[in-house]
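Novice: Compute the structure for the input listed below.
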Amino acid sequence: MGDLRRQKFTRRAWLAGAVPAALWTGCDQIKQIEPSRVSIVRAPAYDQSLYATVRRILTMHNLDVRGRRVLLKPNLVEFEPQSSINTNPMLVHAVYEAFLAMGAAQVTIAEGPGHRRNTMDLAEAAGYFHIVPRFEDAFTDLNLDDVTRVRPARQFSRLRKLYLPNTALRADLLVSLPKMKTHHWVGATLSMKNLFGVVPGGVYGWPKNVLHWAGIDECIADLHAAFPRSFALVDGIVGMEGNGPIQGVAKHAGVLVAGRDLRAVDATCCRIMRIDPLQIGYLQLSGGPHAHLVEGNILQIAESIAATATPFQLIPEFQRARLENI
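Specialist: Numbers count the residues shown, from 1 in each chain. Coordinates of the predicted model:
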């Protein structure tokens, strides 16, 4: 133990996973880190093959949702069905059907858009009514839902409490279904940033500037702590690069990335995008001393990062986050 304490590790060693998967927890005790399981699966297009692909992904992660309430949280932002802004409705429907087939008692699709008040019109324009049968019966507008005041298990922002929608709080499993996109304020918007859409506009207004004032990275970390029963499946078939999350350019990556640990999933997505996850503020906050961000602490299954790496363009302010040796 004395030798380990004196040994110094470089940042490059962290990224390479050369550091032992352990954290100092106090004096001379070390806590072993259980690797987080993350899958990368190729999905070249939004077509009928998605339904089988999604079922295969969920099987990889041994999810047991029999008799439980599942909430699907896509990223629904703007009225542009042919763009790369919104989570593709075919992927959302594939996940919806998969959880029903797995025996879930209830599967709800829910979102609280931060830019638009007329959520149902937005969903219709984005193609959800066309792709998802009886969409209106399956959907809940989280901006208008009844809320409960909660205090997250860990507090990172200046907000001492959060008012969150009951539909989300009552779910046995919250499934974050974001687009793989760059973001002009936080660098990358993935499964954790997608939780901003859970915050009700009916309480926090549009575009939820209270969260911005309290610190975007810190509020993302707060929301992650508020929903421990979660799963992520990131739509990286066609993402967005550059000035995201709205004004960027479509970027085909052809992958779906999934796992129970949203931090590990987002760190993996960053590496696919050739972004350094240790340079993303909310990942630094929620990941502790990089425990679930280092590659050595992530159990990668299916495809590898190296085989699927697709560099996403970054705006000048985030060039510092570019991974070395692209």
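Novice: Run through the chain and note the low-pLDDT ranges.
Specialist: For the chain, applying pLDDT under 70 flags the ranges 1-32, 289-290, 325-326.
Novice: hmm, try it at 80
Specialist: Under the criterion pLDDT under 80, the flagged ranges of the chain are 1-33, 80-82, 115, 153, 288-291, 324-326.
Novice: for it, what spans make up the strands?
Specialist: For the chain, the strands identified by DSSP state E occupy 22-24, 30-32, 36-42, 69-74, 106-111, 139-141, 147-150, 162-165, 173-177, 179-183, 187-189, 230-241, 249-259, 298-302, in order along the chain.
Novice: Residue 213: which of those is closest?
Specialist: The stretch from these with the least distance to residue 213 (CB to CB) is strand 162-165; that distance is 14.3 Å. All C-beta atoms are positioned from the backbone trio N, CA, C, and that covers glycine.
Novice: Okay, now the sheet partners of that closest one, with direction.
Specialist: strand 147-150 (antiparallel) (DSSP bridges).
Novice: got the buried residues for the partner strand?
Specialist: Of the residues in strand 147-150, those scored as buried under the neighbour-count criterion (16 or more other CB atoms under 10 Å) are residue 147.
Novice: circling back to that earlier point, who wins for proximity to residue 288 among the strands of the chain?
Specialist: Of all the strands of the chain, strand 22-24 sits nearest to residue 288, with 6.9 Å by CB to CB.
Novice: re earlier: can you put the strands of the chain in a markdown table and add distance to residue 224?
Specialist: Formatted as a markdown table, the strands of the chain follow (distance: least, CB to CB, whole Å):
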| stretch | distance to residue 224 |
| --- | --- |
| strand 22-24 | 18 |
| strand 30-32 | 20 |
| strand 36-42 | 14 |
| strand 69-74 | 13 |
| strand 106-111 | 17 |
| strand 139-141 | 21 |
| strand 147-150 | 13 |
| strand 162-165 | 12 |
| strand 173-177 | 10 |
| strand 179-183 | 16 |
| strand 187-189 | 13 |
| strand 230-241 | 8 |
| strand 249-259 | 14 |
| strand 298-302 | 17 |
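Novice: Nearest to residue 324, out of those?
Specialist: Ranking those by distance to residue 324, with CB to CB as the measure, places strand 187-189 first at 16.0 Å.
Novice: Pull the distance from the closest one to the chain's centre.
Specialist: 10 Å (CA atoms, centre = their mean, to the nearest Å).
Novice: Name every strand pairing with it and say which way it goes.
Specialist: Strand 187-189 has the following strand partners under DSSP bridges: strand 179-183 (antiparallel).
Novice: roughly how far apart are the closest residue to residue 153 other than its chain neighbours and residue 152?
Specialist: Leaving aside its sequence neighbours, residue 153 sits nearest to residue 225 (CB to CB, 6 or more residues apart in numbering; 4.8 Å). As for residue 225, its distance to residue 152 is 4 Å (criterion: CB to CB, to the nearest Å).
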